[in-house]
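Participant: What would the 3D arrangement of this be:
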Amino acid sequence: MEIWSKSTLKSLLVPGGVLLLLAEVLLSTGWIPIPAYVVQFSYYAVFVTGILLSWRFHSSRVLLALLTLFLAHRAVEFFAAGRISPSGSGHIALEAVAVLLPLNFIAFSFSRERGLSFPAILPAMAMLFLESVFVAVICRPGETTAPAFLHPAFWGRHLWSPVSQLPVLAFVAAFGTLLTRFLLYRKPVESGLLWSLAAAFLSLEQWGTGRTATGYMGAAGLILVSSIVENSYLLAYHDELTGRPGAPHGRRQACSRKRRRTSVSRGRRGIFHRVSGKVGGGSHPVRGTAQKNN
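Facilitator: I've put the predicted structure just below:
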């Protein structure tokens, strides 16, 4: 099987890549002006819909990824108070979120779908809670810079990104991990995690606040929602082993035809026994006829 076949590229780029490209066109080019209140409403609608769908289809990985995106964006907006300066709580929250977000996505990509029972999601929920407490502690009033381990200098200063070098490396590692897992397993959720993280990175590149950053984070949630829908469609209408469309449906039709043939055959045998009993006066038609002649 070819790694970069036409079907692989299609499943990788559609729908996640298409949705991200559409968000880029709508938010960055200004061809279609979108008011801030529309972006804000769409943002909340996407996350509410995604959480409900992931709960309905028992997708723990997508649910946790949605919660991570939502908490990360709300944390940056809360501590930035609408504006991020080069120092202060807002920038500290931005750097912490930029490190924790890709690491969480890597962890979710390796986790297994075990449903949404309390014991199954308790470790991940505890992790999100501890990360929220960590961000709240380092962003307390009076702090001006993040802890040193969040912004080490591996190379010269870069000016193209508002985040430091460690978050950039974390995102690169996460992109590589998610792409590798998609090529290995070809699952819609793996592709959704990859493109959703890319949209979240673009949101952080916009300093995590404002109309454009909120729009990118909403696009990240929408990509995850589309992965739930695509995964449910594949489970319902595609064979899990061959990947061919309509295979489960064809098996259901074959089983239905087999059951009909079995019922017709049983009905014919019943009619034959009833007729033979009437003609021969017994269970055996020849024996019954011979007794009648004697």
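Participant: what's the distance between Ala126 and Ile138?
Facilitator: 19 Å (CB to CB, to the nearest Å). Just so you know, the C-beta spots here come from the backbone N, C-alpha and C atoms, and that holds for glycine as well.
Participant: Between those two, point out the one with more neighbours.
Facilitator: Higher neighbour count among Ala126 and Ile138: Ile138, with 18 against 10, using other CB atoms under 10 Å.
Participant: Contact partners for that one?
Facilitator: Shown in contact with Ile138 (CB atoms under 8 Å, 6 or more residues apart in numbering): 92, 96, 146-147.
Participant: Weed out the non-buried ones from those.
Facilitator: By neighbour count, with 16 or more other CB atoms under 10 Å, the contacts of Ile138 hold 92, 96, 146 as buried.
Participant: Is it correct that the last one falls within a strand?
Facilitator: No - assessed with DSSP: H, G, I helix; E, B strand; the rest coil, Ala146 is coil; it does not lie in a strand.
Participant: ok so, going back, TSV please, covering the contacts of Ile138 and showing pLDDT and distance to Leu122.
Facilitator: Listed next are these as TSV, based on pLDDT from 0 to 100; distance: CB to CB, whole Å:
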residue	pLDDT	distance to Leu122
Ile92	93	29
Ala96	95	23
Ala146	87	29
Pro147	89	28
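Participant: So Glu54: helix, strand or coil?
Facilitator: Not Glu; residue 54 is Ser. Recorded secondary structure, Ser54: helix (three-state DSSP).
Participant: Same question for the one 10 residues further on.
Facilitator: When classified by three-state DSSP, Leu64 comes out as helix.
Participant: give me every residue that touches the closest residue to it other than its chain neighbours.
Facilitator: In this structure, Leu64 finds its nearest non-sequential neighbour in Ala124, 5.0 Å apart by CB to CB, 6 or more residues apart in numbering. Shown in contact with Ala124 (CB under 8 Å, 6+ apart): 60, 64, 107-108, 111.
Participant: Equivalent analysis for Ile106, please.
Facilitator: Contacts of Ile106 by CB under 8 Å, 6+ apart are 173-174, 177-178.
Participant: same thing with Leu53?
Facilitator: For Leu53, the contact set (CB under 8 Å, 6+ apart) comprises 59, 62, 225, 228-229.
Participant: Who wins on neighbours among those?
Facilitator: Neighbour counts for these peak at Val62, which has 28 neighbours (criterion: other CB under 10 Å).
Participant: nearest spatial neighbour of that one, skipping sequence neighbours?
Facilitator: The shortest distance from Val62 to any non-neighbouring residue, by CB to CB, 6+ apart, is to Ser54 (4.4 Å).
Participant: Am I right that that neighbour is in contact with Phe47?
Facilitator: No - contact between Ser54 and Phe47 fails when scored by CB atoms under 8 Å: they sit 10.5 Å apart.
Participant: shared neighbours, those two?
Facilitator: Here Ser54 and Phe47 have Leu66 as joint contacts, going by CB under 8 Å, 6+ apart.
Participant: ok, back up a step: just the buried residues of the contacts of Ala124.
Facilitator: Here, 16+ other CB under 10 Å leaves 60, 64, 107-108 buried among the contacts of Ala124.
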